[in-house]
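**Q** Mind folding the following:
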Amino acid sequence: MRSYIAISIVLAVSLFSFSYIQKEINSFNPQPAEMLVTTPNYLHELYTLAPIMKKVAECESGDRQFDKYGNVVMGEISADTGRFQINYVHWKKADQMGIDLHTEQGNAEYALYLYNQKGTQPWKNSSHCWKPYLASQS
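**A** Numbering: from 1, shown residues only. Model (predicted):
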């Protein structure tokens, strides 16, 4: 009986979480904004300011914003978006800042914002891939 109740609770929480994520995905409506990464070579600028971010992008998305069909690269398990696999929990803030995560420049701009706020912590799940780069730079 206890396992039935536990399974029911897990299922209810999972369904609630999925509906919340779907609501966030459906409500995402980016607005144009002034960019923090300002040069036409915004990726070069980002990678110069924070060299580890090139390795993060390689580990997260193969350093691609779009797949071979022109669709924005999305996470396999979660609603992570673009070159830097910006998680859905950041979509609202990006939207408030007027940043479109579905564009190459917007994704790079928000990645720089996150990096300036939290370092590499937002990409900790791929640290097994990019952390050796940090050690090689010491």
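**Q** which parts of stretch 83-97 are buried?
**A** Buried residues in stretch 83-97, counting neighbours by 16 or more other C-beta atoms under 10 Å, are found at 83, 84, 85, 86, 87, 88, 90, 91, 94, 95, 97. (Each C-beta comes from the backbone N, C-alpha and C, glycine too.)
**Q** Kindly apply the preceding question to stretch 121-138 instead.
**A** Under the neighbour-count criterion of 16+ other C-beta under 10 Å, stretch 121-138 has 122, 123, 126, 130 buried.
**Q** Mind checking what secondary structure residue 100 has?
**A** coil (DSSP: H, G, I helix; E, B strand; the rest coil).
**Q** how close does it get to residue 131?
**A** Distance, residue 100 to residue 131, using C-beta to C-beta, to the nearest Å: 30 Å.
**Q** Quick one: residues contacting residue 73.
**A** For residue 73, the contact set (C-beta atoms under 8 Å, 6 or more residues apart in numbering) comprises 61, 62, 64, 65, 66, 67, 81, 82, 83, 85.
**Q** With adjacent residues omitted, what lies nearest to residue 133?
**A** Once flanking residues are discounted, residue 133 sits nearest to residue 55: 4.3 Å by C-beta to C-beta, 6 or more residues apart in numbering.
**Q** Name the helix or strand for the one you found, please.
**A** Element membership for residue 55, per DSSP states H and E: helix 52-61.
**Q** Which residues does that helix contact?
**A** Residues from elsewhere that reach helix 52-61, judged by C-beta under 8 Å, 6+ apart: 46-47, 63, 73, 80, 82-85, 111-112, 115, 120, 123, 126, 129-130, 133-134.
**Q** just checking, what packs against the next helix or strand after that helix?
**A** Per DSSP H and E, the first helix or strand lying C-terminal to helix 52-61 is helix 91-96. Judged by 3 or more C-beta pairs under 8 Å, 6 or more residues apart in numbering; DSSP states H and E, helix 91-96 is in contact with helix 2-27.
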